[in-house]
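Engineer: what's the 3D shape of this:
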Amino acid sequence: MSTAVLNTMTVGDHGSRVVFCHGLFGQGRNWTAIAKALSADHRSLLVDLPNHGRSLWTDDVAYPAVADLVASRLAELTGGEPFALVGHSMGGKIAMMIALRHPELVERLCVVDVSPRPQQLTGDSPFARYVRGMRSLDLDGLPDRAAADQALVPCVEDPVVRGFLLQNLRRDGDHWRWQQNLQVLGDRLDVLGSWPEVTQPPYDGRVLWVAGQRSDYITDADREPMRALFPAVRKVVIKNAGHWVHSEQPESFLATLRVFLAA
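Structural biologist: Predicted coordinates for the structure are as follows:
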C-alpha cells in the first residue's frame, strides 16, 4: 500500500493533540464542529481516511493495512508524539487497530459506536443500499445537486443521510464525480464490515467506548471481547442517539469527550 499523503485538516493551535477518524463514506471535516468546540484546549487533526475525501485511493481496504498506513502518516505529522485518537464506526475500527498495532502512538482511545466484531454491511444493509443509490445516479445527465438528492430517495429515505452522502459529490468542470473511491468501497463492503484476527497484546491505555442508545452496533455480547483487547475500557451510553452519535447528540457527546480528554 502506498505511503502517499493523507489529506488532513488542523483545528486549534495549542494544547494536547486529538486525532479524529470518520466513518464509511465520511470525511475528516465531519468532525469540524466537535474539533472547534475543543479548540481552546486541544489541537485537533481531522483525517480523510484512505479512499475518502481528498486522500489517496487504494485497492486494499483490510483494517490492518489501512491502520498501518494511517499510523505511519500520523507519526510523520506528529513527530511520533502520542495523541488521543477518536474514531467513529469504520474509523473506530481503524482507531482500535492503530492502538493495538502501534500503541506507542496512542495516548488514549475513544471508540464511537462500533465493536471489535464483524458487522453485516452487504445484502440489504443500509450501507449496501447507500452504495446502490450512489451507483444508480446518472452523473453525466445530472443537472444539479437537488436532482441528485431526489434520485437517491428510493435507496436512501432519510434526508439527513442523503445530505451526508452528497457531501461526497463534486463538480469537476462540466461533470459531476464522487470524491470517494465508490468502486472499491462498494465492492469491498464485506471487508469493511469485518474484524480481523488480533495477534497483538491488549492495548492498556485509557479507552472510552461510546454507544448510541438507539444503535445496535454495540451489544451486551460485545462487552467481554472489547475488554479482552482493551482492559481499561469504560463504556458510556449517549441517550437518544443512534449510530451517528456525535452529530445526533453533539452536546452530550462533547461533554463526555471533554471529561475523558481531561482525565
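Engineer: any idea how this protein splits into domains?
Structural biologist: Using automatic domain parsing, the domain parsing of the chain gives 8-119+197-262, 126-189.
Engineer: adding mean neighbour count and mean pLDDT as columns, could you present the ones you listed in a markdown table?
Structural biologist: (C-beta placed from N, C-alpha, C; glycine too.) What follows is the domains of the chain, written out as a markdown table (neighbours: other C-beta atoms under 10 Å; pLDDT from 0 to 100):
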| stretch | mean neighbour count | mean pLDDT |
| --- | --- | --- |
| domain 8-119+197-262 | 19 | 98 |
| domain 126-189 | 15 | 95 |
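Engineer: mind checking what secondary structure residue 99 has?
Structural biologist: In three-state terms, and counting by DSSP: H, G, I helix; E, B strand; the rest coil, residue 99 is helix.
Engineer: contacting residues around it?
Structural biologist: Listed by C-beta atoms under 8 Å, 6 or more residues apart in numbering, the contact set of residue 99 reads 85, 106, 109, 203, 205, 207, 230.
Engineer: A helix includes the first one, no?
Structural biologist: No - under three-state DSSP, residue 85 falls outside any helix and is assigned strand.
Engineer: model confidence for residue 4, exactly?
Structural biologist: What the model reports for residue 4 is a pLDDT of 54.
Engineer: what's the span of stretch 133-152, first residue to last?
Structural biologist: 5 Å (C-alpha to C-alpha, to the nearest Å).
Engineer: just use 49 as the starting number from now, easier for me
Structural biologist: OK, 49 is where the count begins now, so the last one is stretch 181-200.
Engineer: distance from it to the middle of the chain?
Structural biologist: With C-alpha atoms, centre = their mean, to the nearest Å as the basis, stretch 181-200 stands 25 Å off its chain's centre.
Engineer: which residues touch that stretch?
Structural biologist: By C-beta under 8 Å, 6+ apart, the residues outside stretch 181-200 that reach it are 202-204, 207, 210-211, 213-214, 216-217, 223-226, 230, 234.
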